[in-house]
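[1] Sequence first, then the predicted structure:
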Amino acid sequence: MNNRLVAFLVGIVIGAAALYFFLPGPGAPITAATVNTTGPAAKPAGPTAAAGSTLATVRARGYLQCGVSQGLPGFSNPNDKGEWSGIDVDFCKAVAAAVFGDATKVKYRPLSAKDRFTALQSGEIDLLSRNTTWSMSRDTSLGFDFAGVIYYDGQGFLVKKSTGITSAAQLDGATICTQTGTTTELNMADYFRGQGMTYKVLAFEKNEESLSAYDEGRCDAYTTDASGLHAQKLILKTPDEHLVLPEIISKEPLGPLMRQGDAQWADIVRWTLFALINAEDLGVTQGNVELMRTSQSPDIRRLLGAEGAYGEAIGLKAEWAADVIRAVGNYGEIYNRTVGPDTPLGIPRGLNALWKNGGLMYAPPIR
Amino acid sequence: MQSVKWLRKNLFSDVWNSALTLFALWVIYISVPPLLDWAIFKAVWEGNGNTCREITSGACWPFVKANLGQFIYGRYPESELWRVNLTFVLGVAGLIPMLMPSAPAKKWNLIYLVVAYPLIAIVLLAGDRPGLVGVDTSLWGGLLVTLVVAVTGIVVSLPLGILLALGRRSDMPAIRMLSIAFIEFWRGVPLVTVLFMASVMLPLFLPEGVSFDNLLRCLIGVALFSSAYMAEVVRGGLQAIPRGQYEAARAVGMSYWQTMGLIILPQALRHVIPGIVNTFIGLFKDTTLVLIVGIFDLLGQVRAQLSDPNWAVPEGATTGYVFAALVFWVFCFGMSRYSVFMERRLNTDHRN
């Protein structure tokens, strides 16, 4: 075979490959949204929204873009099956279920604490569900709207059981490990001054460093948000010998947020959260949702779309909340599955229990 | 007797030497046994997160075992993994004969690696062509992303770097100025900034609704960034070629491209093999920076998997990082040894 012939053949092969390469695809690509489904995705149906609205954009795109953390135990973390899990992730799924009736139509964008707000502002994501504290400055000057509170967190303390300390009031004179440049230092200063106690602080640049300093016995207590304390306790040398103190010294209400100025989208996200809490309140679970649809209770019938047209008011179908609960369960189920007492994190419900059980979880009624 | 002689001559020739030998032995004694204990003898080999919570004397290898799929492929759908594997195999099949100086048909091999293989790889990995389901890049992760970023950077940066280096030494002012501006711009900004701009800031400047893939943006950023570095390495080689070589080539009537392609570059590139490989290794390790824009490379994936509450165990982090370090070391050491082999073969250090 001479060289020209080889060149000719190779040319044909490359040409054919290039042709194939630039051919359009057969249909919907696999995104996080469609991994678990088989076959091409069905075109989203439902009432059309005004052009330029987030709902219309999300529908046209075919999936929800949800900003999550890059790995925060129990809130948003990839598991060893290659799936995202956690409270914040389940909320993304819930919103996807409300919009599409299909909780798999989500694409997760793992974001660092620094670029989470930029990603939301620039429209890279439709919803930020990344353990973000609801504060006035974020709600107002940053141009965001918070949907509500999905987890009441707050700063707490971790101590060794052997010290005999069982309450933060006994921490007078203690050395406390923490991270530099965060609000934890300020909160601690306020708390100790208010209690008239003294303390020494040992601050480190990174969380891991301060935790290992505590583990090595360089300080008497370690402080960060309570949810973080439960997660980080697990990686100490002997987790059972440490105790999270019951006192919470700061308010860190964590919630999902979206861009300001799209009232319809804000309503969808907000009422998805309320639907989850109302479902627990009314005893609707993932397991009994079909049965509950035939319930005689007007509250339950309105929640599940058997009565009234509450879904249409936010641009969704009547059964939107039933889809949400079918997909992820009610708030209590999500909590117990991700961070609750039966998980390795084992965080008691505490403030996150329903209002009627002594917690703060309370949602306005659907009526 | 022979060995005693050797010992006396090499390890215990005088007081200072003996002290150093003893010191080295002591360092080995205190460091190696605990390391072996941790990694092998007292490590947990079977079980789950709870086992690793009970036994904390050594590494938690079940963590690596359970998450190995994520470490290699990220969240790539399981039914499509054969495509990633095929891409790996095709790449290795093209690379091995290319790296063996004795293998034939270097020209076709190069065309396959630089033109055909990238196209095949894109089609196989991303899909969305007739017969293949598309797999969104947000599902890619782990070693797959590390290799995609590194290989793209390497394949693009070498030719682009050579062109830029030639451009910077060109007699034509416009080309020279453009090359200098390009090189100095990309060398003047940190890679972190480039990635951050590409991923987070770019959508602010694009019209609404226009967006392109996050990983693609990173690949372009990394490729342009590394070509600027490559250009300077190659320029170093070009400057080492005596003027006589250029004049001799011109004297026999060679054109500019003939001079460069046949006379100058083959010599210049041989001089800078250590520099080129150095840039490649640096690039390979820099791929870990894509984590900051939310893409999980191998290291990022290890960190992410550590946040799974089921695997939040005392030795999990150390084990994961040791695993990632080993994988990186294997790749970087491989590149480094190959460069040594090529230097010997091409005899660039002029040991005659």
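    Received the coordinates, thanks. Numbers count the residues shown, from 1 in each chain, chains lettered A, B, ... in the order given.

[2] going forward, measure contacts between C-alpha atoms and count neighbours the same way
    Will do.

[3] ok, the one residue sitting closest to the centre of chain B - contacts?
    Nearest residue to the geometric centre of chain B (CA atoms, centre = their mean): B:F284, 2.4 Å. By CA atoms under 8 Å, 6 or more residues apart in numbering or on different chains, the contact set of B:F284 is B:T146, B:L147, B:A150, B:C332.

[4] And the strands in chain A, which stretches?
    A:64-68, A:77-78, A:84-85, A:106-110, A:127-133, A:144-146, A:151-153, A:155-160, A:174-179, A:199-204, A:221-225, A:242-244, A:252-259 (DSSP state E).

[5] what's the average pLDDT for the fifth one?
    In this case it means strand A:127-133. In this model, strand A:127-133 has an average pLDDT of 93.

[6] strands paired with that strand, and their directions?
    Sheet pairing of strand A:127-133 (DSSP bridges) gives strand A:64-68 (parallel), strand A:252-259 (antiparallel).

[7] So which bits of that strand are buried?
    By neighbour count on 16 or more other CA atoms under 10 Å in any protein chain shown, the buried set for strand A:127-133 is A:L127, A:L128, A:S129, A:R130, A:N131, A:T132, A:T133.

[8] Which parts of the helix or strand hosting B:I175 count as buried, going by neighbours?
    B:I175 belongs to helix B:173-188 when assigned by DSSP states H and E. Residues of helix B:173-188 classed as buried: B:I175, B:R176, B:S179, B:I180, B:F182, B:I183, B:W186, B:R187 (neighbour count, 16+ other CA under 10 Å).

[9] domains of chain A?
    Domains of chain A are assigned by automatic domain parsing as A:54-152+A:252-357, A:155-244.

[10] just to revisit the earlier point, for whichever helix or strand comes after the helix holding B:I175, what does the pLDDT average out to?
    Once the chain leaves helix B:173-188, the next helix or strand it forms, by DSSP H and E, is helix B:191-196. For helix B:191-196, mean pLDDT is 88.

[11] on contacts alone, who are the packing partners of helix B:191-196?
    helix B:214-239 (3 or more CA pairs under 8 Å, 6 or more residues apart in numbering or on different chains; DSSP states H and E).

[12] Report the distance from the helix it packs on to the chain centre.
    13 Å (CA atoms, centre = their mean, to the nearest Å).

[13] Can you point out the buried residues in that helix?
    B:214-215, B:217-238.

[14] and if you look at stretch B:41-59?
    Buried-residue list, stretch B:41-59, by 16+ other CA under 10 Å: B:42-45, B:48-49, B:52-53, B:55-59.

[15] end-to-end on it?
    9 Å (CA to CA, to the nearest Å).

[16] Can you name the residues of the stretch 51-200 of chain B that neighbour chain A?
    B:56, B:66-67, B:69-70, B:74-75, B:77, B:116, B:119, B:123, B:127-131, B:133-139, B:200 (CA under 8 Å from any CA of the partner chain).

[17] repeat that for 7 Å
    B:66-67, B:70, B:74-75, B:77, B:116, B:123, B:128-130, B:133-136, B:139, B:200 (CA under 7 Å from any CA of the partner chain).

[18] from those, which would you call buried?
    Buried, going by 16+ other CA under 10 Å: B:66-67, B:70, B:74-75, B:77, B:116, B:123, B:128-129, B:133-136, B:139, B:200, out of those.

[19] Sort out which of these are in helices and list them.
    Assignment to helices by DSSP state H places the following of those there: B:A66, B:N67, B:Q70, B:V123.

[20] if you skip the residues just before and after it, what's nearest to the second one?
    Of all residues not flanking B:N67 in the chain, A:D80 sits nearest, at 5.1 Å (CA to CA, 6 or more residues apart in numbering or on different chains).

[21] Surely the one you found is in contact with B:A66?
    Yes - at 6.2 Å, A:D80 and B:A66 qualify as touching, with contact defined as CA atoms under 7 Å.

[22] residues near B:A165, how many?
    27 (other CA atoms under 10 Å in any protein chain shown).

[23] mind listing what it touches?
    B:A231, B:E232, B:V234, B:R235 (CA atoms under 7 Å, 6 or more residues apart in numbering or on different chains).

[24] Can you find the helix or strand in the chain with the smallest mean pLDDT?
    Unless you meant another one, I'm taking chain A. helix A:3-22 (a mean of 62; mean pLDDT, DSSP states H and E).

[25] wait, chain B
    Per mean pLDDT, DSSP H and E, helix B:202-205 ranks last in chain B, at a mean of 74.

[26] A:G86: how many residues sit nearby?
    As a measure of burial, A:G86 has 25 neighbours, counting by other CA under 10 Å.

[27] what about it, distance to A:K107?
    15 Å.

[28] On the pLDDT front, check the residue of chain B positioned farthest from its centre for me.
    Most distant from the centre of chain B: B:M1, at 47.4 Å, with distances by CA atoms, centre = their mean. With respect to pLDDT, B:M1 scores 72.

[29] what's the distance between it and A:E312?
    Distance from B:M1 to A:E312, by CA to CA: 95 Å.

[30] Assign a three-state SS to B:D171, would you?
    coil (DSSP: H, G, I helix; E, B strand; the rest coil).

[31] what about it, how many neighbours?
    Count around B:D171 with other CA under 10 Å applied: 10.

[32] A:A226 too?
    25.

[33] Equivalent analysis for A:S122, please.
    A total of 18 residues lie near A:S122 under the criterion other CA under 10 Å.

[34] how much space is there between the closest residue to it other than its chain neighbours and A:S137?
    Closest residue to A:S122 apart from its sequence neighbours, by CA to CA, 6+ apart: B:L204 at 5.3 Å. The spacing between B:L204 and A:S137, counted by CA to CA, is 22 Å.

[35] Of the two, which one has the most company?
    B:L204 (15 against 10).

[36] hang on, that one packs against A:Q121?
    No - with contacts counted by CA under 7 Å, B:L204 stays clear of A:Q121, the gap being 8.5 Å.

[37] Mark out where each domain of chain B begins and ends.
    According to automatic domain parsing, the ranges for chain B are B:1-42, B:77-134, B:142-301+B:325-352.
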